[in-house]
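K.L.:
Quick one, fold the following:
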Amino acid sequence: MTHEWNAVLILVIAAFLDYLIGDPWNWWHPVQGMGWVITRYSEVAWKWLKSPVTLRLAGIGLAVGLVAGSSGLGWAIATLTSRVHPLLGVTIQSVLLASCFAGRSLREAATEVLDPLQAGDLEQARSRLRLYVGRDVEHLQEPEILRAVLETVTENATDGVLAPLFYALLGALIPGVGSLPLALGYKAASTLDSMVGYRTPPYTDLGWCSAKVDDGLTWVPCRLVVLTLSFVSGKPHQVWRICQRDAPQDPSPNSGWSECVYAAILDVQLGGVNYYKGVAKPKPLLGDPVQEIAPAHIYKALHLTRVCFLIWLGVAIALEGILQTS
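P.N.:
Residues are numbered from 1 along each chain as shown. Next up, the predicted model:
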């Protein structure tokens, strides 16, 4: 089997592993290693660096170093394991690549909140929701809980599932690169953004570069998600019109688009006022409130993410086949 078809095999196995197993809680995950590096680095930076300029320079070093280091480590693992034995290389790369996809984890997170909610246990639903969102959940009623879950599912569809797949596919199509290095590099950028990419102190200067890197790397796959799902919906002009109208109102260049395309397809409205540590923070309204959000909308959103994932994977396999026969 050629290296190119090895790359396809790794992608397919990784996709199945994520669908069937996901990320078991007791397994070590690459994000844990990335998180350890970010935490230790940040502690040292805040201890020794005080000026905004030096913190920004340290932040550049953190962002560039972790993204490049994760990609380089992925390439080294892929290369060394494949040299030991091709089967070992395929196995290790498939497992690590599967850890970059959060499809099953996203489904399980949604189900963990929806199950007690549908059983009428608001307290348990709030308790579960607290694990996945940063907003205050103590007083949320069923409509707000459903909105929170749908916003989490639709925002993370891009940065947790489809953007890592985009970079894995891109790496697979580039000779000598492979899926794992680029997917791990993107995962590092996403982890950096989630840990230090905030505009509020003490992250303002140290996390500035991390936020920009994640925004830049997510921009293209996010727009491809919008285009793909628009056509899948069967009403691309309507979906695109709503996205153009509402998504730019979100301060994030990507999350608003990711959430809005699902809202437009599902005929629901996302956004509104959320509370963080008791402080109200309004988010722009995305989509039209044709229907009230229901559990069925969340399950359909998860299904749309899976369909998009399979479309991209199928297109990449077809392109690889064309390249091999040309």
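K.L.:
The stretch 101-250 of the chain: helices as residue ranges?
P.N.:
103-118, 122-130, 142-156, 163-173, 179-196, 203-206, 208-233, 236-246 (DSSP state H, counting those that start in this stretch).
K.L.:
looking just at contacts, which helices and strands does the first one meet?
P.N.:
Applying 3 or more C-beta pairs under 8 Å, 6 or more residues apart in numbering; DSSP states H and E, one finds that helix 103-118 makes contact with helix 3-20, helix 122-130, helix 142-156, helix 295-325. Every residue, glycine included, has its C-beta placed from N, CA and C.
K.L.:
where does the chain dip in pLDDT?
P.N.:
Along the chain, the model assigns pLDDT under 70 to residues 1-5, 24-25, 326.
K.L.:
switch the cut-off to 90
P.N.:
Filtered on pLDDT under 90, the chain yields the residue ranges 1-8, 21-29, 134, 173-176, 199-200, 277, 316-326.
K.L.:
Arg104 - nearest residue in space that isn't next to it in sequence?
P.N.:
Gly22 (3.1 Å; C-beta to C-beta, 6 or more residues apart in numbering).
K.L.:
correct me, but the one you found touches Glu108?
P.N.:
Yes: between Gly22 and Glu108 there is a contact under C-beta atoms under 8 Å: 6.4 Å.
K.L.:
Settle it for me: which of the two has more neighbours?
P.N.:
Gly22 (19 against 12; other C-beta atoms under 10 Å).
K.L.:
Tell me the secondary structure of that one, please.
P.N.:
Secondary structure, DSSP: H, G, I helix; E, B strand; the rest coil: Gly22 is coil.
K.L.:
what sits against it?
P.N.:
Applying C-beta atoms under 8 Å, 6 or more residues apart in numbering to Gly22 gives the contacts 102-105, 108.
K.L.:
one step back: any idea how far Phe16 is from the residue nearest to Arg104?
P.N.:
11 Å (C-beta to C-beta, to the nearest Å).
K.L.:
before we move on, the earlier item: nearest to Ile265, of the contacts of Gly22?
P.N.:
Gly103 (18.2 Å; C-beta to C-beta).
K.L.:
quick revisit: among the helices of the stretch 101-250 of the chain, which comes closest to Cys308?
P.N.:
helix 208-233 (5.0 Å).
K.L.:
Tell me which other helices or strands that closest one touches.
P.N.:
helix 52-84, helix 163-173, helix 179-196, helix 236-246, helix 255-266, helix 295-325.
K.L.:
Buried ones in that helix, by neighbour count?
P.N.:
208-215, 217-218, 221-226, 228-230, 232-233 (16 or more other C-beta atoms under 10 Å).
K.L.:
what angle sits between it and helix 52-84?
P.N.:
60 degrees (axes from the mean of the first three to the mean of the last three C-alpha atoms, to 10 degrees).
K.L.:
distance between helix 208-233 and the chain's centre?
P.N.:
Distance, stretch centre to chain centre, for helix 208-233: 10 Å (C-alpha atoms, centre = their mean, to the nearest Å).
K.L.:
Same check on stretch 90-101?
P.N.:
With C-alpha atoms, centre = their mean, you get 16 Å for stretch 90-101.
K.L.:
List the buried residues of that stretch.
P.N.:
90, 92-94, 96-101.
K.L.:
how about a markdown table for those, with distance to Leu169 and secondary structure added?
P.N.:
Formatted as a markdown table, those follow (distance: C-beta to C-beta, whole Å; DSSP: H, G, I helix; E, B strand; the rest coil):
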| residue | distance to Leu169 | secondary structure |
| --- | --- | --- |
| Val90 | 17 | helix |
| Ile92 | 19 | helix |
| Gln93 | 14 | helix |
| Ser94 | 15 | helix |
| Leu96 | 16 | helix |
| Leu97 | 11 | helix |
| Ala98 | 14 | helix |
| Ser99 | 17 | coil |
| Cys100 | 12 | coil |
| Phe101 | 12 | coil |
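K.L.:
Adding distance to Ser179 as columns, could you present the residues you listed in CSV?
P.N.:
Shown next, in CSV, are the buried residues of stretch 90-101 (distance: C-beta to C-beta, whole Å):
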residue, distance to Ser179
Val90, 11
Ile92, 12
Gln93, 7
Ser94, 9
Leu96, 10
Leu97, 6
Ala98, 11
Ser99, 12
Cys100, 9
Phe101, 11
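K.L.:
Quick one: neighbours of the nearest residue to Ser94 once chain neighbours are set aside, just the number.
P.N.:
Closest residue in space to Ser94, ignoring its immediate chain neighbours: Ile13 at 4.0 Å, by C-beta to C-beta, 6+ apart. Around Ile13 sit 17 other residues, with neighbours defined as other C-beta under 10 Å.
K.L.:
surely Ile13 meets Ile92?
P.N.:
No: between Ile13 and Ile92 no contact is recorded; they are 11.0 Å apart, counting by C-beta under 8 Å.
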